[in-house]
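Chemist: Turn this into a structure:
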Amino acid sequence: MRSRKKAVVNSTSRLMDTEELREYTKLGRNSAMKLGEEVGAKIKIGRRVLWDRTKIDQYFDRLTGVK
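Modeler: Have a look, this model is predicted:
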């Protein structure tokens, strides 16, 4: 059986992969990817997909009213 690699969220990097996005938002894979696409945080570099932490944070700030 394959063991899963635990994603470690590095708060200093702006871009994160899908596993880091899942850990950061505490959502499942599909929900995290849907959220990232809806807020415009998806960045494709070749075949690699990365997510912009700044745009995710801005979305949550607007959602919660934090300034």
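Chemist: Any idea how many residues pack against Glu23?
Modeler: Glu23 has 15 neighbouring residues, counting by other CB atoms under 10 Å. For glycine as for every other residue, the C-beta is placed from the backbone atoms N, C-alpha and C.
Chemist: what does Lys42 give?
Modeler: Applying other CB under 10 Å, we find 16 residues neighbouring Lys42.
Chemist: So for the residue nearest the centre of the chain, what's the pLDDT?
Modeler: Centroid check for the chain by CA atoms, centre = their mean gives Leu21 as the closest residue, at 2.8 Å. Leu21 carries a pLDDT score of 97 in this model.
Chemist: Now Gly36: closest residue in space, sequence neighbours ignored.
Modeler: Trp51 (4.7 Å; CB to CB, 6 or more residues apart in numbering).
Chemist: Shouldn't the one you found be within a strand?
Modeler: Yes: counting by DSSP: H, G, I helix; E, B strand; the rest coil, Trp51 is found in a strand.
Chemist: Fine by me, we can end here.
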